[in-house]
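In: sequence and predicted structure, then a few things I'm wondering about:
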Amino acid sequence: MARDVSDTTPIGARAELVEWIAEGEKPRDRWRLGTEHEKVPFYEADESPVPYDGGRGIRALLEGLQARTGWSAIMEDEHPIGLFDEAGGGAISLEPGGQFELSGAPLKTLHETACETARHLADVKAIGESLGIRFLTLGMSPLWTRAETPVMPKKRYGIMTNYMPKVGSLGLDMMYRTSTVQVNMDYASEADMVKKLRVSLALQPVATAIFANSPFTEGKPNGYLSMRSNIWLDTDRDRTGMMAFAFEDGFGYERYVDWALDVPMYFVKRGATYHDVTGASFRDLLAGRLAPLPGERATRSDWANHVSTLFPEVRLKRYLEMRGADVGGLEHIVALSAFWTGLLYDEAALDGAWELVKGWSADERERLRADVPKLALKAQIAGRNVQDIARDALALSREGLKRRACLDEAGQDETKHLAYAEEIVLSGRTAAERLLELYHERWGGSVLPAFRDCVF
């Protein structure tokens, strides 16, 4: 999330929270996709992490990008903590360990997504090179300990850092050492949201498998193909996971709101102050009985900020966020967006995807979610391996993209952006497995070559 919302409009009833989500509905001709990705910076000279301060730190990187792009600074106290395009072209934000995130603009086609991402990477590379900084294309920093990882000066992250060890053993690793790519998708109605949410939740572990790309931690193989995904299994069970209740009869906006109301909050922001309310529920704030802030009442910004701190595999805000993939290079990033766009933005593909997953039980979905970080395409569900399911899902996505018929200047449709994922599934070898081969062979048992071979 690029920046916390500031809308002081009071909220007095649960129905207004439901309406806030419903306001996200859009007719098909206004559907867009927004791609977000994070990347870990490092100093090229010695593979060391990049701190916030200093003449060649993250702050300097932000200031250089501001001068290059003309985007406006997002400030917290005296610290720039991000940038945003006042014309609606997206935003740049900092994750807790300095991971640099682009939150892309809502765009109509994958061709636009590819151009936006390439343009951003060119900007980052130009400024980064002047500072001796480069960026990893891995889903987890492969070398540094948590203690060696820098800490960004964002107050909400301080609250989260104190809270995470109380609710899981790996939450700090999630915050400080992982990098993801996600795509945000629109829905037309409550029924459309439910269908898309169920399909994408069920298939999220399949996407995790296809895009697995985080096999190293602290200088050696960590035993997983997507360690980033495994970390989420022990981060905070109150706010993460596969949301089995989304498949129950009657699920819709109200049921999601009821779940969110009871997920413990992190903070309430008033002006520039972040009040630590960890463990309290939004339900108490809505009723004006939040113990840390007696008498304080909820606002629309409180709700928007709270919803942004829920971390299920697919998150519902006023759009749907596909949250299951490790980051990778440019083709990897755009292929993730292509996979979901073809499946969710074409009715026949969406129907076909539902046929793939509708027979899976909640227990089977949970088991798949737990198995995929280690096994990726070799995991199984309902008697089928993930590689076969991924092949079927990609075929549906390809047909969906064909029917969208969005052509680039060369007359090519969006199916070209699936090629990266299709090659992985056809070969049965994920990016993580290829990196492990390099580690044991050409890299000679060292992860240091990753800082040369796995960079944007």
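Out: Received it, and whenever you're ready, just let me know what you need.
In: which is the next helix or strand following the top strand by length along the chain?
Out: Identified as the longest strand of the chain according to DSSP state E is strand 33-43. Sequence order places strand 48-49 as the next helix or strand after strand 33-43, per DSSP states H and E.
In: so what are the sheet partners of that following strand and their directions?
Out: strand 33-43 (antiparallel) (DSSP bridges).
In: so which bits of the strand it pairs with are buried?
Out: L33, G34, T35, E36, H37, E38, K39, V40, P41, F42, Y43 (16 or more other Cβ atoms under 10 Å). Where C-beta positions appear, they are placed from N, C-alpha and C, glycine not excepted.
In: show me where the stretch 101-250 of the chain has helices.
Out: 110-131, 155-167, 171-177, 190-210, 227-232 (DSSP state H, counting those that start in this stretch).
In: can I get those helices in JSON lines including distance to E296, mean pLDDT and mean neighbour count?
Out: Shown next, in JSON lines, are the helices of the stretch 101-250 of the chain (distance: least, Cβ to Cβ, whole Å; pLDDT from 0 to 100; neighbours: other Cβ atoms under 10 Å):
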{"stretch": "helix 110-131", "distance to E296": "38", "mean pLDDT": "98", "mean neighbour count": "18"}
{"stretch": "helix 155-167", "distance to E296": "16", "mean pLDDT": "97", "mean neighbour count": "17"}
{"stretch": "helix 171-177", "distance to E296": "26", "mean pLDDT": "98", "mean neighbour count": "23"}
{"stretch": "helix 190-210", "distance to E296": "31", "mean pLDDT": "98", "mean neighbour count": "24"}
{"stretch": "helix 227-232", "distance to E296": "31", "mean pLDDT": "98", "mean neighbour count": "26"}
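In: redo those helices as TSV? Include distance to A362.
Out: Output for these, formatted as TSV (distance: least, Cβ to Cβ, whole Å):
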stretch	distance to A362
helix 110-131	32
helix 155-167	22
helix 171-177	24
helix 190-210	10
helix 227-232	18
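In: quick one, which of those helices is nearest to Y345?
Out: Counting by Cβ to Cβ, Y345 lies closest to helix 190-210 out of the helices of the stretch 101-250 of the chain; the figure is 9.2 Å.
In: residues contacting the residue in the chain sticking out farthest from the centre?
Out: Of all residues in the chain, G295 has its C-alpha farthest from the mean position, at 34.7 Å, by Cα atoms, centre = their mean. When the contact criterion is Cβ atoms under 8 Å, 6 or more residues apart in numbering, the partners of G295 are G288.
In: hmm, back to that, need the mean per-residue confidence for the longest strand of the chain.
Out: Across strand 33-43, pLDDT averages out at 98.
In: so how far is that strand off the chain centroid?
Out: 10 Å (Cα atoms, centre = their mean, to the nearest Å).
In: got the angle for it vs helix 110-131?
Out: 20 degrees (axes from the mean of the first three to the mean of the last three Cα atoms, to 10 degrees).
In: need the CA coordinates for stretch 395-414. CSV is fine.
Out: The C-alpha trace of stretch 395-414 is given here as CSV (Å, rounded to 0.1, in the frame of the first residue of the first chain):
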residue,chain,number,x,y,z
ALA,A,395,-5.0,-22.8,-21.4
LEU,A,396,-8.2,-21.2,-20.1
SER,A,397,-6.3,-18.0,-19.5
ARG,A,398,-4.9,-18.0,-23.0
GLU,A,399,-8.3,-18.4,-24.6
GLY,A,400,-9.6,-15.6,-22.4
LEU,A,401,-6.9,-13.3,-23.5
LYS,A,402,-7.5,-14.2,-27.1
ARG,A,403,-11.2,-13.3,-26.8
ARG,A,404,-10.2,-10.0,-25.2
ALA,A,405,-8.5,-9.2,-28.5
CYS,A,406,-6.4,-6.4,-27.1
LEU,A,407,-3.6,-5.8,-29.7
ASP,A,408,-0.3,-4.0,-29.4
GLU,A,409,1.3,-1.8,-32.0
ALA,A,410,2.7,-4.9,-33.8
GLY,A,411,-0.8,-6.5,-33.9
GLN,A,412,-0.1,-9.1,-31.2
ASP,A,413,-2.7,-9.9,-28.6
GLU,A,414,-2.1,-10.3,-24.9
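In: let the chain start at 224 from now.
Out: New numbering, starting at 224: the last item is stretch 618-637.
In: can you tell me what sits against that stretch?
Out: 331-334, 561-566, 568-569, 571-573, 575-576, 579, 638, 640-641, 645.
In: put the buried members of those into a ChimeraX selection.
Out: In ChimeraX, this line selects whichever of those come out buried by 16+ other Cβ under 10 Å:
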select :332,333,334,561,562,563,564,565,566,568,569,572,573,575,576,579,638,640,641,645
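In: in helices only, show me the contacts of stretch 618-637.
Out: 333-334, 561-566, 571-573, 575-576, 579, 645 (DSSP state H).
In: next, give me the two most distant ones among those residues.
Out: Of all pairs in these, the most separated under Cβ to Cβ is H334 and L579 at 27.2 Å.
In: and A613, what helix or strand is that in?
Out: helix 609-627.
In: from A655, how far out is the closest residue to K597 other than its chain neighbours?
Out: Once flanking residues are discounted, K597 sits nearest to Y447: 5.2 Å by Cβ to Cβ, 6 or more residues apart in numbering. Y447 sits 8 Å away from A655, going by Cβ to Cβ, to the nearest Å.
In: so between the two, which is more surrounded?
Out: A655 (26 against 22; other Cβ atoms under 10 Å).
In: quick one: which of the buried residues of strand 256-266 is nearest E536?
Out: E259 (15.2 Å).
In: tell me the bridge partners for the closest one.
Out: S326, Q405.
In: so it touches S326, yeah?
Out: Yes: counting by Cβ atoms under 8 Å, E259 does reach S326; the two are 4.8 Å apart.
In: what's the angle from the helix or strand encompassing A314 to helix 378-390?
Out: If you go by DSSP H and E, A314 is part of strand 313-317. Angle of strand 313-317 versus helix 378-390, following the same axes, to 10 degrees, is 60 degrees.
In: what residues are up against the residue nearest to R255 when sequence neighbours are not counted?
Out: What sits nearest to R255 in space, not counting adjacent residues and going by Cβ to Cβ, 6+ apart, is P329, at 3.6 Å. Under the criterion of Cβ under 8 Å, 6+ apart, the contact list for P329 reads R255, L256, G257, G311, N407.
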